[in-house]
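> sequence? don't have it. structure:
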Ligand code: SF4
């Protein structure tokens, strides 16, 4: 343990950083070692090509876990991918995997395939104390396991493959503490949206965030992943949560988890992965869990968020001219008028899925709201896209699929789907969606589409009401 | 990587905060397996009136006359001036590729999202952070001065309005060196192969479960 008196108290981030420095430059830029490299079809082809052109080989093949998730169809897959460009991208990954000899690949038709940030933890491929990278900004998800996890660009994907290392500079540290107990119907998603509403989408830029406090401790691993997943929406490349019993029991008996003699040793080490008492952070933010209500975004940035009992804000009341203009533009794009109660906004589609909210617990929660109910007539499409093949199977074994289908939802195959609409699942111009994903940017779910971010429970409530509704009144 | 030392170029003002990488290069263009060809689709949804899809002949598409980069006075711009938190959202390196292939060499903003900022350096595209007040001032000058060019000098770490004021910017020494010399970062790291192996061996002792 690093709590002995010879050391200054360290944050979790300090510990993770220090454990991975291979070399330091004079200006503090460090070469840090990468333990786990997650790979998907969109950000890897140019990296593999770069390796080939330069005659380089992956440094440690065993560090790579790969899947196809962004482009894959969510309808029946036996006929392959219809769109030739998407197909080429997935086939390129297939080919690179065999060419370079990567063993841990969950291709489109593997029972364990799914969203890269869902399957990593599910397989135990994300472990405490690791550095985890992926050519994807939501890699912050894996920080829920007290790992230093962050998204990288394609040049860095190539760099990690070739050297197992990355050049990086230590970030500043931020503690986001959420104390108290959340009310009924208030979820991990609402906590993280409330945090983003408070600090803004650039509030965490330049920081690694540690989420702490009794409300975070009380979350399951699924909930913690939801929170860390959206650290990037607050601008932080990494979010993380200290190890506790919840972390350790989640990891037992997963395919990549340590076994036999290694298990006790690993768990003893993992338990040291907490911020020491007295460790200092560069910034501290506190929230009271009791005050957090179900959240709904109204604009085109995750910080444009309010509560279900709130109103669409009036940009005129915004002092900062840049923010005022952004709010005006957002309302125009979203087709909303200032002062409209959130619970009067009608929706066209509902999407339950994405690396934020497509785990088994999310599906259970949404199904709990939908049981015995039907989606409203004005809802054109409501769909559930499980995060992985294993989540899907688990949900089916619990009968959740039947509840969704009976309520009028489509039950689909795993992948990113309408989170970003690279496959056929997307919004048409002007369509409004209650979505459990993480980004409400212009055009994110389809050109001209209007996204409102909510929790799975709130998405289910909106599906039933045909407009945003307070799930606390349904439960 | 292409080296960057100094550049004098026409400035285009993109007066928006929080421009995300989905806006810089929409997802449908991420299906490419190449590193090139993204320039014509930079800011696709803002730049064209129709819906862009890969494989279209972009020269035949209707341009949105209201989008700033389509204004004749900014044709050929190579320095982008914009607002805070530029490049937020997705980690896609296709965003700096698209900007660079459009013709930009440098981007000036009060702040950038971390991953985007990092990706720029890997491609010889220079992101420059100036204060909000300086950026505000530059916006005013650009709007008021048709054809305004800025000189960006990485060696001296300054942005200069020709025959006008100059602004100093910070850049980490390691990144600066890499960019000035156009170094291949992977090649640089490979000089530390021995150290990496030694580190790996020590980790395998300490955390054997990671290496079994
Ligand atoms: S689900 Fe959405 S946010 Fe997550 S990895 Fe896929 S596209 Fe990215």
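Ah, there it is. Because the structure is a prediction, the values reported are computed rather than measured. Numbers count the residues shown, from 1 in each chain, chains lettered A, B, ... in the order given.
> So which residues on the stretch 251-400 of chain A come close to the ligand?
A:354, A:355 (C-beta under 6 Å from any ligand atom). Just so you know, the C-beta spots here come from the backbone N, C-alpha and C atoms, and that holds for glycine as well.
> burial of residue A:239, as a residue count?
When neighbours are counted by other C-beta atoms under 10 Å in any protein chain shown, residue A:239 registers 32.
> no, scratch that, I was asking about residue A:181
For residue A:181, using other C-beta under 10 Å, the count is 10.
> Next one: it from chain B, what distance?
32 Å (C-beta to the nearest C-beta, to the nearest Å).
> And for residue A:101?
In terms of C-beta to the nearest C-beta, residue A:101 sits 18 Å off from chain B.
> For the closest residue to that residue other than its chain neighbours, give me its contacts.
With C-beta to C-beta, 6 or more residues apart in numbering or on different chains as the criterion, residue A:101 has its nearest non-adjacent residue at 6.0 Å, and that residue is residue A:61. The neighbours of residue A:61, taking C-beta atoms under 8 Å, 6 or more residues apart in numbering or on different chains as the test, are A:100, A:101, A:102, A:103.
> redo that, cut-off 7 Å
Contacts here follow C-beta atoms under 7 Å, 6 or more residues apart in numbering or on different chains; on that basis residue A:61 touches A:101, A:102, A:103.
> ranges for the strands of the stretch 51-200 of chain A?
A:64-67, A:104-106, A:131-134, A:148-151, A:165-168, A:172-179 (DSSP state E, counting those that start in this stretch).
> And the ones you listed: which comes nearest chain B?
strand A:148-151 (4.0 Å; C-beta to the nearest C-beta).
> quick one: the residue nearest to residue A:101 and chain B, what's the gap?
For residue A:61, the distance to chain B - C-beta to the nearest C-beta - is 12 Å.
> in terms of contact, does residue B:186 touch residue A:163 like I think?
Yes: counting by C-beta atoms under 7 Å, residue B:186 does reach residue A:163; the two are 6.3 Å apart.
> pLDDT below threshold where in chain A?
A:1-6 (pLDDT under 70).
> centroid residue for it?
Nearest to the mean C-alpha position of chain A, by C-alpha atoms, centre = their mean, lies residue A:229 at 3.1 Å.
> In contact with that one, which residues?
Here residue A:229 is in contact with A:117, A:138, A:140, A:141, A:355, A:356, A:438 (C-beta under 7 Å, 6+ apart).
> residues near residue 34, how many?
Going with chain A. Neighbour tally, residue A:34, other C-beta under 10 Å: 24.
> could you do chain B instead?
10.
> Can you tell me which residue of the stretch 251-400 of chain A sits closest to chain B?
For the stretch 251-400 of chain A, C-beta to the nearest C-beta, closest residue to chain B: residue A:258, 3.5 Å.
> Assign that residue to helix, strand or coil.
Recorded secondary structure, residue A:258: coil (DSSP: H, G, I helix; E, B strand; the rest coil).
> wait, doesn't it sit right on residue A:266?
Yes: at 4.2 Å, residue A:258 counts as touching residue A:266 under the criterion of C-beta under 7 Å.
> Need the overlap of contacts for these two.
In contact with both residue A:258 and residue A:266: residue B:209, using C-beta under 7 Å, 6+ apart.
> now residue A:273, nearest residue through space, not along the chain?
Residue A:273's closest residue in space is residue A:146 (C-beta to C-beta, 6+ apart), at 4.1 Å.
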